[in-house]
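Peer 1: No sequence on hand, only this structure:
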């Protein structure tokens, strides 16, 4: 069985390693346009802030590791065309310029995503950098050394983490987003208010509800960001506006969502037999809304890549979908979410949405110290099925969202969550667990 893999970050690496474990004799060739694999881009901000000193530790695999497994590992090779009808790919060696064809029995598409770069005047000026891969991370660190003023555009997770990192380095930092709140796809206002206050308390300028209209520069490098509401002096700009599926190579050959995300079934099979796909180039089944959405997360990618290996020869193990569970640490605040926020649920589903929010101690008040926790449960008022949740505290309580993710995946009701068995130990919690308590609040 000859397997060709296009792209090798999280989904590709997971697929390859697991295929070798299951199908030892499979002949695998992977084509990757970069000279590295498996870079954890979530670590870029940690590296910028020097929490992680060595960027090399942000790789969890390597081309050498794959070669040791017997994989034909072709770094700095770009697949330029795919002939699905004839099971053939056309590849360019980016070093030599050689172009050649390769055939396959099974094709695995793990092309990932690429940062959105809107057509804004001046966007090609120097010192405007994306934040996605290892080369970006090194460019950001190098350029930041001499930068006094830094502007981060995009207040999703990556932009927020970078803004904190630059402030910690002593930079005059501005965070710009067209939306009125930071991280508004993941958190309701109670939580974004807490995060925004943490930024302003640390001197970060928040320009929310600002649409960037142009960049201006001197001697080829950016010096100013102009928005529809103001302008900001800068020495360095980081673009973190969002991601799009990197699927232009296969348009017209595979079924895709309007945004270009490849449509797959529950076994990671595309609309064409023997062609599989996983990771940021694909749609995912979003369980809380019972629909297909684009949610590019490394956790989704590694699960999906593993499933390709399990189902490569025949369908065996189904994909269980995702709740989009995620977490972030902003200064001292631990924040996590899963499923639908109340705002997103009301905007994108037909559920009769409601939510409750509680504030409680993270552990028994008779302990020498304890921290306040804010916890929200989002649910359907008609069925009482749980749709989502969010939590924050100075204590590390984010794992409650992993537990709630399981509840959402299994379509648990508020009543079931209220009476679910959780341990009690004064060092960690209270006799009534936080998830029990928030569910009981609904039932009052």
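Peer 2: Thanks, I have it. Since the structure is predicted, the reported quantities are computational estimates derived from the model, not experimental observations.
Peer 1: Output the below-cut-off pLDDT ranges for the stretch 1-150 of the chain.
Peer 2: Counting by pLDDT under 70, the stretch 1-150 of the chain contains no low-confidence residues.
Peer 1: Helices of that one, start to end?
Peer 2: Remark: helices assigned in the stretch 1-150 of the chain by DSSP state H, counting those that start in this stretch are 10-22, 44-48, 63-68, 134-144.
Peer 1: okay, those in TSV with mean neighbour count and distance to residue 162 next?
Peer 2: Backbone N, C-alpha and C define where each C-beta goes, glycine included. Shown next, in TSV, are the helices of the stretch 1-150 of the chain (neighbours: other Cβ atoms under 10 Å; distance: least, Cβ to Cβ, whole Å):
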stretch	mean neighbour count	distance to residue 162
helix 10-22	24	20
helix 44-48	24	5
helix 63-68	15	28
helix 134-144	17	8
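Peer 1: For residue 157, find the nearest of those helices.
Peer 2: Taking Cβ to Cβ, helix 44-48 is the member of these nearest to residue 157, at 9.2 Å.
Peer 1: what helices or strands is that closest one leaning on?
Peer 2: In terms of contacts (3 or more Cβ pairs under 8 Å, 6 or more residues apart in numbering; DSSP states H and E), helix 44-48 is packed against helix 134-144, helix 157-168.
Peer 1: now it: how far from the chain's centre is it?
Peer 2: 15 Å (Cα atoms, centre = their mean, to the nearest Å).
Peer 1: Kindly report the same for stretch 432-442.
Peer 2: Counting by Cα atoms, centre = their mean, stretch 432-442 comes out at 29 Å from the chain centroid.
Peer 1: among the helices and strands packed on helix 44-48, which is nearest residue 276?
Peer 2: helix 134-144 (25.8 Å).
Peer 1: ok and the closest one relative to helix 157-168, angle-wise?
Peer 2: Helix 134-144 and helix 157-168 are oriented at 30 degrees to each other (axes from the mean of the first three to the mean of the last three Cα atoms, to 10 degrees).
Peer 1: can you list contacts of helix 134-144?
Peer 2: For helix 134-144, contacts defined as Cβ atoms under 8 Å, 6 or more residues apart in numbering pick out 34, 36, 39, 41, 43-44, 47-48, 55, 58-59, 127, 129-131, 150, 162, 166, 169, 171, 236, 238.
Peer 1: try 7 Å
Peer 2: 36, 39, 44, 47-48, 55, 127, 129-131, 150, 166, 169, 236, 238 (Cβ atoms under 7 Å, 6 or more residues apart in numbering).
Peer 1: Quick one: buried ones out of those residues?
Peer 2: With burial judged by 16 or more other Cβ atoms under 10 Å, the buried subset of the contacts of helix 134-144 is 36, 39, 44, 47-48, 55, 127, 129-131, 150, 166, 169, 236, 238.
Peer 1: Same list (the helices of the stretch 1-150 of the chain) but as a markdown table, adding distance to residue 155.
Peer 2: Below are the helices of the stretch 1-150 of the chain laid out as a markdown table (distance: least, Cβ to Cβ, whole Å):
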| stretch | distance to residue 155 |
| --- | --- |
| helix 10-22 | 24 |
| helix 44-48 | 13 |
| helix 63-68 | 35 |
| helix 134-144 | 17 |
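Peer 1: So which of those is nearest residue 204?
Peer 2: That would be helix 44-48 among these, by Cβ to Cβ, at 13.4 Å.
Peer 1: TSV for the helices and strands packed on helix 44-48, including distance to residue 68?
Peer 2: Formatted as TSV, those follow (distance: least, Cβ to Cβ, whole Å):
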stretch	distance to residue 68
helix 134-144	21
helix 157-168	32
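Peer 1: Quick one: closest of these to residue 74.
Peer 2: In terms of Cβ to Cβ, the element of the helices and strands packed on helix 44-48 nearest to residue 74 is helix 134-144, at 17.9 Å.
Peer 1: Quick one: the strands in the stretch 301-444 of the chain, in order.
Peer 2: Taking DSSP state E, counting those that start in this stretch to define them, one finds strands in the stretch 301-444 of the chain at 326-330, 333-339, 353-361, 372-380, 386-393.
Peer 1: Out of those, which is closest to residue 15?
Peer 2: strand 326-330 (22.6 Å).
Peer 1: so of the strands of the stretch 301-444 of the chain, which one's packed in deepest?
Peer 2: With neighbours defined by mean count of other Cβ atoms under 10 Å, none of these is more surrounded on average than strand 386-393, at a mean of 27.
Peer 1: quick one, that one and strand 326-330 angle?
Peer 2: Following the same axes, to 10 degrees, one obtains 20 degrees for the angle between strand 386-393 and strand 326-330.
Peer 1: partners of strand 386-393, with directions?
Peer 2: strand 333-339 (antiparallel), strand 372-380 (antiparallel) (DSSP bridges).
Peer 1: Show residues contacting the first one.
Peer 2: Going back to what we said before, that points to strand 333-339. Here strand 333-339 has contacts from 186-187, 191, 194-195, 198, 288, 323-328, 378, 387-394, 396-398, 401, 404-405, 408, using Cβ under 7 Å, 6+ apart.
Peer 1: still on that earlier bit, now the strands of the stretch 301-444 of the chain as TSV including distance to residue 435 and mean pLDDT?
Peer 2: As requested, the strands of the stretch 301-444 of the chain are exported to TSV (distance: least, Cβ to Cβ, whole Å; pLDDT from 0 to 100):
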stretch	distance to residue 435	mean pLDDT
strand 326-330	16	98
strand 333-339	11	99
strand 353-361	10	99
strand 372-380	8	99
strand 386-393	8	99
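Peer 1: Make CSV out of the ones you listed and add distance to residue 73.
Peer 2: Listed next are the strands of the stretch 301-444 of the chain as CSV, based on distance: least, Cβ to Cβ, whole Å:
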stretch, distance to residue 73
strand 326-330, 31
strand 333-339, 36
strand 353-361, 48
strand 372-380, 44
strand 386-393, 40
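Peer 1: Just give the nearest non-adjacent residue to the residue of the chain most remote from its centre, would you?
Peer 2: The centre of the chain is farthest from one residue, residue 366, which by Cα atoms, centre = their mean lies 38.8 Å away. Among residues not flanking residue 366 along the chain, residue 426 sits closest, at 7.2 Å (Cβ to Cβ, 6 or more residues apart in numbering).
Peer 1: Touching, the one you found and residue 361? I think so.
Peer 2: No: between residue 426 and residue 361 there is no contact under Cβ atoms under 7 Å: 10.9 Å.
Peer 1: out of the helices of the stretch 1-150 of the chain, nearest to residue 354?
Peer 2: helix 44-48 (34.8 Å).
Peer 1: The nearest residue in space to residue 413 that is not next to it in sequence - how many residues pack around it?
Peer 2: Nearest non-adjacent residue to residue 413, counting by Cβ to Cβ, 6+ apart: residue 384, 4.4 Å away. Other residues near residue 384 come to 18 when the count uses other Cβ atoms under 10 Å.
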